[in-house]
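Asks: structure for this input, please:
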Amino acid sequence: MTKDLFHQIFEAASADKKENLNKIMKPFMEAYSSKEGIERIMLNELSYFHGPYGAMFKLYDTVAYEEVLPNLLGGTPLKANGIVYFKHVSTDKNNFMMVNELAIDKKDALKMVEEMMNKVFAAQSYSSKTEAKLKEAEMKKEFAKLKMDIKDYSTYSYDQKSSWPIAFYYKRNVLLNTAQEEGKRINELSIEPVD
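Replies: Just a heads-up that it's a prediction; the model follows:
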């Protein structure tokens, strides 16, 4: 299905732009062609909701852990550091809330962006080798100024007796700053029962 969508985009492009478009879109097509990429994009909510199952935690401890996340572009997986702790326990209402905070390794995130930019750069057509070298130097100079930070914050509320999920909240903050611009993206997801 995803390949069909990309194919339709190529077919709609004019003949002189198809080759260049194909080169530029190739890294994105690779990301959507892997099992991990599709699962991460299409089944994200399901993986968040069931993430804590099977783990054992002590009530008043904070557990620190390292995680490896799949690279959506098919490159080297990304390292991340996380902590899990209980924020709320209500024995009279038989529910509890766990919090999971995750920070993706900044160097790995920048490396992922750099790999993608190198693929896009390699796919570009230039009128001369001199122009290509100038553009590459310009890109490397701008990339050296790039700052990136990705942090996740999730809460899981469960019924204490059945361990059945009551509610879930997820927030991802992505900061991407260049020399000229500051970019911020926030993704939020909340799953709650309907009365």
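Asks: what ranges does this protein have for its helices?
Replies: 2-12, 15-33, 35-42, 44-50, 106-123, 129-144 (DSSP state H).
Asks: verify the stated contact: residue 153 with residue 99.
Replies: Yes. The pair residue 153 / residue 99 is scored as a contact, 7.4 Å apart, by CB atoms under 8 Å. From N, CA and C alone the C-beta is placed, and that goes for glycine too.
Asks: show me the beta-bridge partners of residue 98.
Replies: residue 86, residue 156 (DSSP bridges).
Asks: heads up, I number from 146, so please use that
Replies: Let's use 146 as the start, then, which means that last one is residue 243.
Asks: below-threshold pLDDT in this protein: ranges please.
Replies: Applying pLDDT under 70 to the chain flags residues 146-199, 217-219, 340.
Asks: now do the residue of the chain most remote from its centre against residue 310, distance only.
Replies: Most distant from the centre of the chain: residue 237, at 37.9 Å, with distances by CA atoms, centre = their mean. Distance from residue 237 to residue 310, counting by CB to CB, to the nearest Å: 20 Å.
Asks: and residue 215, by the same measure?
Replies: 24 Å.
Asks: before we move on, what about residue 202?
Replies: For residue 202, the distance to residue 310 - CB to CB - is 15 Å.
Asks: okay, these two: which has more neighbours?
Replies: residue 310 (17 against 14; other CB atoms under 10 Å).
Asks: residue contacts, the nearest residue to the more buried one once chain neighbours are set aside?
Replies: Excluding the flanking residues, the one nearest residue 310 by CB to CB, 6 or more residues apart in numbering is residue 303, at 5.7 Å. Residue 303 sits next to 240, 241, 242, 243, 309, 310, 311 when contact means CB atoms under 8 Å, 6 or more residues apart in numbering.
Asks: ChimeraX command for the buried members of those?
Replies: Isolation of the buried members of those (16 or more other CB atoms under 10 Å) is achieved in ChimeraX through the command below:
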select :240,241,242,243,310,311
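Asks: now stretch 310-325: how far from the chain's centre is it?
Replies: 9 Å (CA atoms, centre = their mean, to the nearest Å).
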